[in-house]
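In: predicted model, plus sequence, below.
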Amino acid sequence: MPDELLRPTIGAGVDLKVRPWRLMSQTYVAFFGGAIASTVIAFLNARRLGVDAAGRRLILLTGAAGLVAVTIALALPFGEYDETPVPSVVVTAIAMVCSYVQQRIQRPMDRAFQLRGTDYRPLWGPGIAATVGGVAVQILIAALVDGVL
């Protein structure tokens, strides 16, 4: 058995050709796309970073909790939507909290990636797709909660 100091830690079990996305870029996806979009991007990025299965499950559980919280927030009687933007602010706040927790889960492996000295992959395409999809799902949830559908 090799000495613990000689065991490779950075890149062990990780495809080094696949570059992850910058963690702070995920904040923009959460702000504009909501908790669902944030969870999708965080889960995919966690796989790219080599986060273990327990960490990826925790990311999904955080997203599920965010989805439940968004559904509850949309069901609460805040008044007419024309008068106050409270539901939108609450939904955005929930997404930002989810994103923060998900980034904290990814952070140790992201630091290991930074030590490799490789550049990050741009998040433009996947981020916009996740944002559009997340907003569409939130609109569907809001319509179902309001009883429109």
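Out: Yep, that arrived. In this text, all values refer to a predicted model and were calculated from it rather than measured experimentally.
In: please make it C-alpha for all contacts and neighbour counts, starting now.
Out: OK.
In: point out where the chain drops to low pLDDT.
Out: 1-16, 78-86, 148-149 (pLDDT under 70).
In: mind listing the helices for it?
Out: Along the chain, the segments classed as helices by DSSP state H run 25-49, 53-75, 86-116, 124-146.
In: of these, which stretch is the most buried?
Out: Comparing those by mean neighbour count (mean count of other CA atoms under 10 Å), helix 25-49 ranks first with a mean of 24.
In: angle of it against helix 124-146?
Out: In terms of direction (axes from the mean of the first three to the mean of the last three CA atoms, to 10 degrees), helix 25-49 departs from helix 124-146 by 110 degrees.
In: adding distance to Arg19, write the helices of the chain out as CSV.
Out: Shown next, in CSV, are the helices of the chain (distance: least, CA to CA, whole Å):
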stretch, distance to Arg19
helix 25-49, 7
helix 53-75, 17
helix 86-116, 9
helix 124-146, 13
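In: which among those is found nearest to Val18?
Out: Across those, Val18 has its closest neighbour in helix 25-49 (6.4 Å, CA to CA).
In: helices and strands around the closest one, which ones?
Out: helix 53-75, helix 86-116, helix 124-146 (3 or more CA pairs under 8 Å, 6 or more residues apart in numbering; DSSP states H and E).
In: adding distance to Met24, write those out as JSON lines.
Out: Compiled in JSON lines, the helices and strands packed on helix 25-49 are given as follows (distance: least, CA to CA, whole Å):
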{"stretch": "helix 53-75", "distance to Met24": "16"}
{"stretch": "helix 86-116", "distance to Met24": "8"}
{"stretch": "helix 124-146", "distance to Met24": "12"}
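In: select, out of these, the one closest to Ser38.
Out: Ser38 lies closest, by CA to CA, to one member of the helices and strands packed on helix 25-49: helix 86-116, at 6.0 Å.
In: so which of the helices and strands packed on helix 25-49 comes closest to Asn45?
Out: Nearest of the helices and strands packed on helix 25-49 (CA to CA): helix 86-116, 8.1 Å.
In: Ile41 touches Gln26, doesn't it?
Out: Yes - assessed by CA atoms under 8 Å, Ile41 is found in contact with Gln26 at 7.0 Å.
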